[in-house]
Structures are given as structure tokens and as C-alpha cells.
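> structure for this input, please:
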Amino acid sequence: EMQGSEDSARKRRRQVYQGYLHKQGSSAENPSWRKRWFVLRRALFLCYKGSAATKPRLILDMGGGKADFEQDDKGSKSRLRVVSSNGRSLLLRAACEDDAKLWFEALQTAFSLSSSRAEGGDQARAN
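Now for the predicted structure:
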């Protein structure tokens, strides 16, 4: 039994928020929505093709970033406009408004962190 690693894996999971979101293509020629697996690990926001993929297609530093809800044409607030610390912008769509709210809250935590410090101590700094 590898109990030690089980414990650390559980601890790691607590700091990770993950799930499927639809990401809109970034170019005007490619505005289609694609389902992607997103992982928010402290201040890093990683985008994978699927949950079994091992190599992220995109890694964004969210420390100091921001997110806003965007209504779709039906008035649903299931979309999030997410901007990373270097200004990269993504339009994401959650399955429902509740999911979008949970992602929004998880991202708020990430924005207050700095990815340059892997562990704690940084949250107390006033912005």
C-alpha cells in the first residue's frame, strides 16, 4: 500500500480545479467551440485536448489575471471571458450558469496567487 503518495495526491487535488469547458477558436476564421479539458492548478490554467491527454496545448499564468461573465444570445451567463496575466484572452463556455460560477470562483483564487512562488505565503500581499 502506498499510503504516503495517496495522501499527497489528495492534498494536491484540493488545490486543483478541473473539468470540461468549451473554448471558442481564437481566430475570426475559426470561431467554432471546441470541448477541452481545463485544469486550474494554483495560478496556472492548463488546457488539454481531453482528460486523458498528458501534454497541455496551452498554459496560462492567471496570477493578476481577470475573468468576467458574458451573456450568450439567449441571456445565459454560462460564458466566461478569461484574461491571463500577459493579456491572453479566452472565451469559455461552461455547461450551465452554476458551472460557470464555480469556475469563476476558482479563478478568483488563482488571480490572487503568483505562479512564481509555488507554495503559499504570497496571498497576504495587498494588490
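> after the worst-scoring helix or strand of the chain on mean pLDDT, which helix or strand is next? Please name it.
Every helix and strand of the chain was ranked by mean pLDDT, DSSP states H and E. The lowest is helix 3-14, at a mean of 53. The helix or strand immediately downstream of helix 3-14 is strand 16-24, counting by DSSP states H and E.
> return the set of buried residues in that following strand.
By neighbour count on 16 or more other Cβ atoms under 10 Å, the buried set for strand 16-24 is 17, 21-24. C-beta: built from backbone N, CA, C; applies to glycine.
> same question for stretch 43-58.
Per 16+ other Cβ under 10 Å, stretch 43-58 contains these buried residues: 43-48, 56.
> need those residues in JSON lines (columns: pLDDT, distance to P31 and secondary structure).
Below are the buried residues of stretch 43-58 laid out as JSON lines (pLDDT from 0 to 100; distance: Cβ to Cβ, whole Å; DSSP: H, G, I helix; E, B strand; the rest coil):
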{"residue": "A43", "pLDDT": "91", "distance to P31": "28", "secondary structure": "coil"}
{"residue": "L44", "pLDDT": "94", "distance to P31": "26", "secondary structure": "strand"}
{"residue": "F45", "pLDDT": "95", "distance to P31": "21", "secondary structure": "strand"}
{"residue": "L46", "pLDDT": "96", "distance to P31": "23", "secondary structure": "strand"}
{"residue": "C47", "pLDDT": "97", "distance to P31": "17", "secondary structure": "strand"}
{"residue": "Y48", "pLDDT": "97", "distance to P31": "21", "secondary structure": "strand"}
{"residue": "P56", "pLDDT": "97", "distance to P31": "23", "secondary structure": "coil"}
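> ranges for the strands of the protein?
According to DSSP state E, the chain carries its strands in the segments 16-24, 33-41, 44-48, 58-61, 66-70, 79-83, 89-93.
> ok, now how distant is L90 from A106?
Distance, L90 to A106, by Cβ to Cβ, to the nearest Å: 15 Å.
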